[in-house]
Each structure stands twice: as structure tokens, then as C-alpha cells.
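K.L.:
have a look at this prediction, sequence included:
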Amino acid sequence: MFISGGCNYLELLLKPMPQLLHLDLSGVGQHEGLGDFSFLRQLPALQSLVLHNVIGIDSATETLASIHTLRHLDLSHSDEKVGYYAEPNKTLDYLVTNLPQVRWTSTHLGWLCQLDTHFLRSSYPAHVFAVVGESLSI
């Protein structure tokens, strides 16, 4: 879905739904981008967020890490251009550290192909690295 209603469209759409538990924004795009995804902060009960094939997630790391109610986060992509992260190791570290309640699965971390496996082995507990290793086939 391509949004042409301005960059505040999702904020206006979601504002009356503060009790929303599950949100799937797969493939959502907007020519000005979705910014830092701050519209998600108005969903204090959000438990599941799907951002499959959403461009610009790299700029939303801080917002995503602030949603402490999340239990499921899908950052997968089907194209490397969509799932680009300027600093993938730093992004993973920040998300895993700030979202310890999320159960990470390899199918939801499609951008892991950019990660440095040595960094992963030395930085994460076995259960997180097992997921990452599975995705990277190490």
C-alpha cells in the first residue's frame, strides 16, 4: 500500500485505536517516507508489529526499541534494498538490548545477511545467536 495522504496519515489513522494489539504494515510506503515511525508511540498496548518489506526501518530503531509491550517484531524483507541498514550490528544490538521480551526468530530478521558473525558470537547469549546463526547458516 502506498500512502499519498501526507506523512501524518498513519498518525491520524491510528490515533483512535490506542488499544490495538496487532498491526501489520507490510509493504506500506510513502514518498516522503515514514520518518522515525513515531506514530507507533500512540499504541501503548501494541504486542505484535509486522514491518515486512517496509522501507526506512533503519530510521525507526529508537521508536521500535521504545515499544516495551512488543512480543513479536517482524523486520523481514524480500529485497536487500528494502532491508538496508547502515549499521546492522549496531541496530541488532540496540533492538535486542532494548526489547528483551521479543522472541526473535530468523524468519523475522531477514536483514541479518549484513551482520558480522564474529561480532554476533561474541556479543549475544546462545539463544539469540542460535536464531542469528540459523538465518546466516553458520
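P.N.:
It's in. Residues are numbered from 1 along each chain as shown.
K.L.:
hey, let's count contacts and neighbours off CA atoms from now on
P.N.:
Will do.
K.L.:
any low-confidence regions in the protein?
P.N.:
1-7, 30-33, 79-84, 104-138 (pLDDT under 70).
K.L.:
those strands in this structure, which residues are they?
P.N.:
2-3, 22-24, 29-30, 48-50, 72-74 (DSSP state E).
K.L.:
these into a markdown table, with extra columns for distance to Leu14?
P.N.:
Converted to a markdown table, the strands of the chain look like this (distance: least, Cα to Cα, whole Å):
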| stretch | distance to Leu14 |
| --- | --- |
| strand 2-3 | 14 |
| strand 22-24 | 10 |
| strand 29-30 | 16 |
| strand 48-50 | 13 |
| strand 72-74 | 18 |
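K.L.:
make TSV out of the ones you listed and add distance to Leu12 and mean neighbour count.
P.N.:
Listed next are those as TSV, based on distance: least, Cα to Cα, whole Å; neighbours: other Cα atoms under 10 Å:
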stretch	distance to Leu12	mean neighbour count
strand 2-3	13	12
strand 22-24	15	14
strand 29-30	15	17
strand 48-50	18	18
strand 72-74	22	20
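K.L.:
was I right about Ala86 contacting Ser59?
P.N.:
No. Counting by Cα atoms under 8 Å, Ser59 is not a contact partner of Ala86; they are 9.6 Å apart.
K.L.:
the more surrounded of these two?
P.N.:
Applying other Cα atoms under 10 Å to Ala86 and Ser59 shows that Ser59 carries more neighbours, namely 17 against 10.
K.L.:
so what's the more buried one up against?
P.N.:
Going by Cα atoms under 8 Å, 6 or more residues apart in numbering, Ser59 touches Gly35, Asp36.
K.L.:
mind redoing it with 10 Å?
P.N.:
Ser59 sits next to Gly33, Leu34, Gly35, Asp36, Phe37, Tyr85, Ala86, Thr91 when contact means Cα atoms under 10 Å, 6 or more residues apart in numbering.
K.L.:
got a winner among the residues you listed for most neighbours?
P.N.:
Most neighbours among the contacts of Ser59, by other Cα under 10 Å: Leu34, with 23 neighbours.
K.L.:
excluding chain neighbours, what is closest to Phe17?
P.N.:
Not Phe; residue 17 is Met. What sits nearest to Met17 in space, not counting adjacent residues and going by Cα to Cα, 6 or more residues apart in numbering, is Leu43, at 7.2 Å.
K.L.:
all good on my end, thank you.
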